[in-house]
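In: I would like the atomic coordinates for the input below:
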Amino acid sequence: MSRPGSRAQRQSQSQRPRDHLDLGLVVRGHGRHYLVETEEGQRILCHPRGKKSDAVVGDRVRWQMAGSDEGVIESIEPRSNLLYRQDEWRSKSFAANVDQLLVLVAVEPVFSESLLTRALVTAAEAGIHARIGLNKIDLPGVALARERLAPYVRMGVPVFEWSLSADPEAALAQLRPWLEGHSTLVLGPSGTGKSTLTNALLPDAQAQVGEISVALNSGRHTTTHTQWYWLEPERRSGWLDSPGFQTFGIQHIAPAQLASLLPDFAAAMQAGCRFANCSHRHEPGCSVRAALAEGQIAESRYRIYLELLDELSRPPIY
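Out: Numbers count the residues shown, from 1 in each chain. As a prediction, the model looks like this:
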């Protein structure tokens, strides 16, 4: 962690008007402690102004020095998007200003289509381009995994395929051109190879996590928070590694909006349902149910839609 400038420079900085504060990037957070990267590449331990801790990894923030070697976050710049993780009780934001989403699944353990769909729905709502990465294609269950992903391929979601353990360089050759110049969030449950992929892209990733853990005094919590890495010294391409999720927050999405965020449903809806407020459950003249009957929408996709619609329609738990 660097100390920018002399005492006089820091005092002058702390007295500047709010609209002339330094701009920084949040690269890691733990509680009320944030690591903010300056435009020059220095990383400063910062705390939010006041009691609220609303900043997340990927946020651009206005900050200033507040002491000899720590800073204070004064404000958060407008976001292009905001992503959420979810537990039984609430959704909590965890990353912002993401350009791309890579949802990593594997042949083993068998992946959850519900989790995959949640991630893709959230990406669609936020205007984020998404792809799927299928790992462990050297295992015997690869044919079934490809069959389960076929509906997503048909609806236009690109799928990378690789075996990180057998040929990591082939995986990186596929991935690197897509990552260039973008900030990419990688998501997926534990066991899919996220850490292996991050370490292949960034051989010093574990060292960076250790340094940041010391700076934030976060100790054993290093695996439970999103981390921003740069993929090259020029800081053109960001890689956001996230903890393994068992579910994904979609509570910010209105029930009536859900179907339009599913590409196969949206395509079917272009034919026009009889009722403008069609829920696609039981109404006559439903174009989605017609597409389902004709095999244009997979049964598994329709079951997931009903599951998510029921979830979004339930009253919130306080």
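
In: Which secondary structure state does the nearest residue in space to residue 259 that is not next to it in sequence sit in?
Out: Using Cβ to Cβ, 6 or more residues apart in numbering and skipping residues adjacent in sequence, the residue nearest residue 259 is residue 265, 4.4 Å away. (Each C-beta comes from the backbone N, C-alpha and C, glycine too.) Classification of residue 265 into helix, strand or coil gives helix, according to DSSP: H, G, I helix; E, B strand; the rest coil.

In: Next: residue 98.
Out: Following three-state DSSP, we place residue 98 in the coil state.

In: So it versus residue 253, what's the distance?
Out: The gap separating residue 98 from residue 253 is 17 Å, by Cβ to Cβ, to the nearest Å.

In: So which residues make contact with stretch 179-191?
Out: 58, 83, 95, 97-106, 108-109, 111-112, 115, 119, 133, 178, 194, 197-198, 226, 231, 236-242, 244-246, 248 (Cβ atoms under 8 Å, 6 or more residues apart in numbering).

In: Go through the residues you listed and flag which are in strands.
Out: The members of these that map onto strands under DSSP state E are 83, 95, 100-106, 133, 238-241.

In: Emit the ChimeraX select command for whichever of these are buried.
Out: Remark: buried members of those, expressed as a ChimeraX selection using 16 or more other Cβ atoms under 10 Å:
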select :83,95,100,101,102,103,104,105,106,133,238,239,240,241
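
In: Would you mind giving the ones in strands among the contacts of stretch 179-191 as JSON lines with pLDDT and distance to residue 46 added?
Out: Supplementary listing: those in JSON lines, determined by pLDDT from 0 to 100; distance: Cβ to Cβ, whole Å:
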{"residue": "83", "pLDDT": "90", "distance to residue 46": "21"}
{"residue": "95", "pLDDT": "93", "distance to residue 46": "18"}
{"residue": "100", "pLDDT": "97", "distance to residue 46": "27"}
{"residue": "101", "pLDDT": "97", "distance to residue 46": "27"}
{"residue": "102", "pLDDT": "97", "distance to residue 46": "28"}
{"residue": "103", "pLDDT": "96", "distance to residue 46": "31"}
{"residue": "104", "pLDDT": "96", "distance to residue 46": "31"}
{"residue": "105", "pLDDT": "96", "distance to residue 46": "35"}
{"residue": "106", "pLDDT": "96", "distance to residue 46": "37"}
{"residue": "133", "pLDDT": "98", "distance to residue 46": "33"}
{"residue": "238", "pLDDT": "97", "distance to residue 46": "19"}
{"residue": "239", "pLDDT": "96", "distance to residue 46": "22"}
{"residue": "240", "pLDDT": "95", "distance to residue 46": "19"}
{"residue": "241", "pLDDT": "91", "distance to residue 46": "21"}
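
In: Now for the residue nearest to residue 259: which residues touch it?
Out: With Cβ under 8 Å, 6+ apart as the criterion, the residues that contact residue 265 are 259, 280, 288, 297, 301, 305.

In: Can you pick out the residue with more neighbours from residue 98 and residue 253?
Out: Of the pair residue 98 and residue 253, residue 98 is the one with more neighbours under other Cβ atoms under 10 Å, namely 24 against 18.

In: Look up how far residue 58 lies from the nearest residue to that one once chain neighbours are set aside.
Out: Counting by Cβ to Cβ, 6+ apart, residue 98 lies nearest to residue 185, which is 4.7 Å off, once chain neighbours are set aside. Separation of residue 185 from residue 58 (Cβ to Cβ): 8 Å.

In: shared neighbours, these two?
Out: The overlap between the contact sets of residue 185 and residue 58 (Cβ under 8 Å, 6+ apart) consists of 95, 98, 240.

In: In this structure, what residue spans correspond to strands?
Out: 22-30, 33-38, 43-48, 60-65, 70-76, 82-86, 91-96, 100-106, 129-135, 159-161, 183-187, 227-230, 238-241.

In: Okay, helices next: where are they in the protein?
Out: Counting by DSSP state H, the chain has these helices, from start to end: 7-14, 113-126, 142-154, 168-179, 194-201, 205-216, 263-269, 287-293, 299-313.

In: Go ahead and name everything in contact with the third one.
Out: Translated: helix 142-154. Outside helix 142-154, the residues that reach it (Cβ under 8 Å, 6+ apart) are 105-107, 110-111, 113, 116, 120, 132, 134, 136-137, 159, 264, 297-298, 300-301.

In: Flag every buried residue along that helix.
Out: When neighbours are counted by 16+ other Cβ under 10 Å, the buried residues of helix 142-154 are found to be 142, 145, 148, 149, 151, 152.
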